[in-house]
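J.: my questions concern the predicted model and sequence given below.
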Amino acid sequence: VTVSGSSSELPGTQLGAIKVADYADFPAKGRATGGVRSHRFLKGEDCLIMAWAGPTPLKAASPTGKPLLIDVEVGRRDGSGIKMTTAVAAFGGTLRPAAPPDPSATQPAPEE
């Protein structure tokens, strides 16, 4: 996930443009030292204001901590994004459930 914006705006005040790309579409390395483009900027955009890589389903939170539904189709690796309608403060993925406790570790030691 990449979100583009403008470096001239105050952080946290811009909506930006969001793009989701499949991690498998990114090459292991770019050409020489040129790197790999992950987001094409539109008019008025000159920087990435947020990026995230992780498992799906994608989860997001607003600046006030409310969960957000991010309904963006997977696009091209080096494509431009679509304008966001809500500010996003953080992205994340699915949390894995904790492993079940080891029963032998919770049993009291035998008394002597």
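T.: It's in.
J.: count the neighbours of His39 for me.
T.: Using other Cβ atoms under 10 Å as the criterion, His39 is surrounded by 23 other residues. Where C-beta positions appear, they are placed from N, C-alpha and C, glycine not excepted.
J.: which residue is the nearest non-sequential neighbour of it?
T.: Thr2 (4.2 Å; Cβ to Cβ, 6 or more residues apart in numbering).
J.: quick check: that neighbour touching Ala53?
T.: No. At 9.5 Å, Thr2 does not count as touching Ala53 under the criterion of Cβ atoms under 8 Å.
J.: show me what the residue nearest to His39 is bridged to.
T.: Lys19, Ala51 (DSSP bridges).
J.: so what pLDDT did it get?
T.: In this prediction, Thr2 carries a pLDDT score of 87.
J.: then Met50?
T.: 87.
J.: how many neighbours does it have?
T.: Neighbour number of Met50 under other Cβ under 10 Å is 17.
J.: tell me the contacts of it?
T.: Val1, Thr2, Val3, Gly16, Val88, Phe91 (Cβ atoms under 8 Å, 6 or more residues apart in numbering).
J.: please apply the same query to Pro11.
T.: So Pro11 contacts Ile49 (Cβ under 8 Å, 6+ apart).
J.: if we go to 10 Å?
T.: Each residue near Pro11 by Cβ atoms under 10 Å, 6 or more residues apart in numbering is listed here: Gly5, Ile49, Met50.
J.: Ala60 should be in a strand, yeah?
T.: Yes. Judged by DSSP: H, G, I helix; E, B strand; the rest coil, Ala60 forms part of a strand.
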